[in-house]
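J.: The following block contains a protein sequence and its predicted model.
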Amino acid sequence: MPDHAPRNDPSARLRAEGITLSYDRTMIVHDTTVVIPDGSFTVIIGANACGKSTLLRGLSRLLAPASGEVVLDGRSISTYPAKEVARRLGLLPQSALAPDGITVGDLVARGRYPHQNLLRQWSVADEDAVRRALAATGTSELAERAVDELSGGQRQRVWVAMVLAQETDLLLLDEPTTYLDVAHQIELMELFAELNAQGRTIVAVLHDLNHAARYASHIIAMRGGRILAEGPPAEVITSERVEEVFGLANVVIDDPITGGPLVVPLGGAARNTKMKENV
């Protein structure tokens with residue numbers, strides 16, 4: 001049975017109340033209630049096709065619920081104009097596409113679009129926000145290059161820069177470390193941790209369990225379109241839970257750096273040895 005009891009926190013900035021999410025009449029997320037703790041670094045984990053990215057799309061208003069509602073700052077997210085949503089939350093989708101020939105600087109500048117209107121055009125504040133976003137993601141030197149000339153890892157960091165340029169207090173990130181090598185993955189996770197420490201609420205879909213365990217303050221584990229468990233990493237990332245969610249034989253030990261959980265997959269002789277010990 002799921003180790004998950006929906007929390008009633010009407011003051012939370014972002015929550016979903018009994019939402020069902022579907023694609024082409026195929027139900028992906030089933031009658032799900034979830035509250036994102038304010039100021040948390042929340043990570044959604046689960047096997048492929050479990051519904052974690054779909055849940056993130058629902059929370060961001062990219063996908064409208066077939067039933068239930070998503071509440072942002074005390075109102076149904078569906079009642080906000082699109083620009084107002086973008087001023088309140090930033091979203092990095094899983095597969096973002098840049099216009100042909102656009103430069104890095106111009107793409108990141110699009111993160112400032114929600115702040116523009118007939119009375120407020122491009123300003124020094126916008127320029128500064130773009131500069132800070134480029135610097136934070138290590139992409140300043142790429143500003144004049146075309147996005148379609150970049151490597152996959154460089155493009156991913158540029159998309160993160162665009163989201164940071166929005167300067168929202170709530171960031172939703174769908175697999176933000178995709179295409180990055182290990183060093184750049186850690187750099188980006190450290191950046192998100194720093195933003196979280198500064199007061200931003202981060203919600204990310206991650207595949208790497210150990211990144212989730214090390215950086216998250218709150219973890220949501222999904223299986224089969226439902227939330228199976230949620231809570232602090234030490235409570236959610238246990239050997240039994242990892243095997244239940246992923247079908248992965250493993251042991252969980254103390255991370256020598258943080259003291260939190262560290263997942264060590266078992267295979268071959270190690271797995272056979274553990275099975276014999278349990279007989």
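T.: Nice, I can see it.
J.: What separation is there between Ala212 and Leu206?
T.: According to C-beta to C-beta, to the nearest Å, Ala212 and Leu206 sit 5 Å apart. Every residue, glycine included, has its C-beta placed from N, CA and C.
J.: again but with Ile77, I slipped
T.: From Ile77 across to Leu206, the span is 23 Å (C-beta to C-beta).
J.: still on that earlier bit, intersection of neighbour lists for Ala212 and Leu206?
T.: Applying C-beta atoms under 8 Å, 6 or more residues apart in numbering, one finds that Ala212 and Leu206 are jointly contacted by Val43, Ile45.
J.: any idea which element Ala64 lies in?
T.: Per DSSP states H and E: Ala64 is located in neither a helix nor a strand.
J.: Kindly state the pLDDT recorded for it?
T.: Note for Ala64: predicted pLDDT of 96.
J.: residue contacts, it?
T.: Gly58, Ser78.
J.: how about it, phi and psi?
T.: With angles defined as degrees, to the nearest 10, Ala64 sits at phi -80, psi 140.
J.: Equivalent analysis for Pro99, please.
T.: phi -60, psi 150.
J.: any idea how far it lies from Thr137?
T.: In terms of C-beta to C-beta, Pro99 sits 20 Å off from Thr137.
J.: In terms of neighbours, single out the busier of the two.
T.: Per other C-beta atoms under 10 Å, whichever of Pro99 and Thr137 has more neighbours is Thr137, with 25 against 10.
J.: roughly how far apart are the more buried one and Asn250?
T.: For Thr137 relative to Asn250 (C-beta to C-beta), the value is 33 Å.
J.: same deal with Ala109?
T.: Distance, Ala109 to Asn250, using C-beta to C-beta: 44 Å.
J.: cool, and Arg200?
T.: In this structure, Arg200 and Asn250 are 31 Å apart, going by C-beta to C-beta.
J.: before we move on, what about Val147?
T.: Following C-beta to C-beta, the distance that separates Val147 from Asn250 is 39 Å.
J.: Does His211 belong to a helix, a strand or coil?
T.: Put simply, His211 is helix when judged by DSSP: H, G, I helix; E, B strand; the rest coil.
J.: What sits closest to it if chain neighbours are left out?
T.: Nearest non-adjacent residue to His211, counting by C-beta to C-beta, 6 or more residues apart in numbering: Met189, 5.6 Å away.
J.: Measure how buried the one you found is and give me the count.
T.: 22.
J.: wait, is it part of a helix?
T.: Yes - counting by three-state DSSP, Met189 falls inside a helix.
J.: Point out where the stretch 101-250 of the chain drops to low pLDDT.
T.: 118-119 (pLDDT under 70).
J.: what ranges do the helices span in it?
T.: 104-109, 124-136, 152-165, 182-197, 209-215, 233-236, 239-246 (DSSP state H, counting those that start in this stretch).
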